[in-house]
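Peer 1: sequence? don't have it. structure:
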């Protein structure tokens, strides 16, 4: 769960989340661009974004809007595609926007809902505890990889 | 996002079991024999061996060659891949939201400027 407070009215935050022209300007990590950004803003409407990394590699992403409650709630699925265009992981992302004295408090939740058949067995393990274990193990890995 | 080549799926499948994660946490503290690993678990030796096989297949542990004493050791490589993958997800959202924050400022500034121009042109 990621919580952010933006110094902007809720209507504007919702707009830059749902207008492809705006989304293309901020979607993705630093230095990434989005040469393709198509959003069909209605329940069942398609999302298609091609992110291009600073190294020139394009990462296509496909999704579907599940719920659109202007200007307070947005639910969509998204899947990263492999080189053959098949979805690898499907995530469900819920974003809520609350007005707080002229600012907007945004809460983003995302979880894995579907994955490829061969990866299915570990879906059960994608819970919080799993991530925490990973973080502990990551600390170990960090020490190890310095050697 | 660059995700999940097959070896990552194998690693994640191996990590999806709490017993195997506990075994890895134990091995992160140092190498151990099967008997030592099995000690904290209410589990038969064959069951523990099966878990170790899964971890070994995923490349998460290696086992010594000594016939009697075969100590298990944790291997960092695959774990690092998983950590990178998790970090990638986290990075995707934290950085996207950082950019969204900047972008909102920019858009509001533009709107303000446009508003000023309108006032002046009146």
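Peer 2: Happy to help now that I have it. On a predicted model such as this, the values are computed, not experimentally measured, just so you know. Residues are numbered from 1 along each chain as shown, chains lettered A, B, ... in the order given.
Peer 1: rest of the way, CA atoms for contacts and neighbours
Peer 2: Noted.
Peer 1: Report the secondary structure state of residue A:48.
Peer 2: With DSSP: H, G, I helix; E, B strand; the rest coil as the basis, residue A:48 sits in strand.
Peer 1: Tell me the bridge partners for it.
Peer 2: Partner residues in beta bridges with residue A:48: residue A:38, residue A:62, with DSSP bridges as the criterion.
Peer 1: And what about residue A:29, helix, strand or coil?
Peer 2: Under three-state DSSP, residue A:29 comes out as coil.
Peer 1: distance of it from chain B?
Peer 2: From residue A:29 across to chain B, the span is 5 Å (CA to the nearest CA, to the nearest Å).
Peer 1: looking at it, that residue is touching residue B:91, isn't it?
Peer 2: Yes. Using CA atoms under 8 Å, residue A:29 and residue B:91 qualify as a contacting pair, with a distance of 6.7 Å.
Peer 1: if you count what's nearby, which of these two comes out ahead?
Peer 2: Set residue A:29 next to residue B:91 and count neighbours by other CA atoms under 10 Å in any protein chain shown: residue A:29 wins out with 23 against 16.
Peer 1: do you know how far the residue nearest to residue A:10 when sequence neighbours are not counted is from chain B?
Peer 2: Nearest in space to residue A:10, with sequence neighbours left out and distances taken as CA to CA, 6 or more residues apart in numbering or on different chains, is residue A:104 at 5.3 Å. Remark: distance between residue A:104 and chain B (CA to the nearest CA) = 11 Å.
Peer 1: Could you count how many residues lie near residue A:104?
Peer 2: 23.
Peer 1: Residue B:107 now?
Peer 2: A total of 15 residues lie near residue B:107 under the criterion other CA under 10 Å.
Peer 1: near chain A, anything from the helix ranked longest in chain B?
Peer 2: The longest helix of chain B (DSSP state H) is helix B:76-121. Yes. If you take CA under 8 Å from any CA of the partner chain as the test, helix B:76-121 does meet chain A, through B:76, B:79-80, B:83, B:91-97, B:99-101, B:103-105, B:108.
Peer 1: Of those residues, which qualify as buried by neighbour count?
Peer 2: The neighbour-count test (16 or more other CA atoms under 10 Å in any protein chain shown) applied to the residues of helix B:76-121 next to chain A identifies B:76, B:79-80, B:83, B:91-97, B:99-101, B:103-104 as buried.
Peer 1: which among the residues you listed gets closest to residue B:7?
Peer 2: Distance ranking of these against residue B:7, using CA to CA, places residue B:79 first at 10.9 Å.
Peer 1: Looks like that closest one contacts residue B:61 (just checking).
Peer 2: No. Because the distance of 10.2 Å does not satisfy CA under 8 Å, residue B:79 is recorded as not touching residue B:61.
Peer 1: show me what contacts residue A:34?
Peer 2: A:24-25, A:27, A:49-52 (CA atoms under 8 Å, 6 or more residues apart in numbering or on different chains).
Peer 1: Would you confirm that it belongs to a strand?
Peer 2: Yes. Membership of residue A:34 in a strand is supported by three-state DSSP.
Peer 1: Thanks a lot, catch you later.
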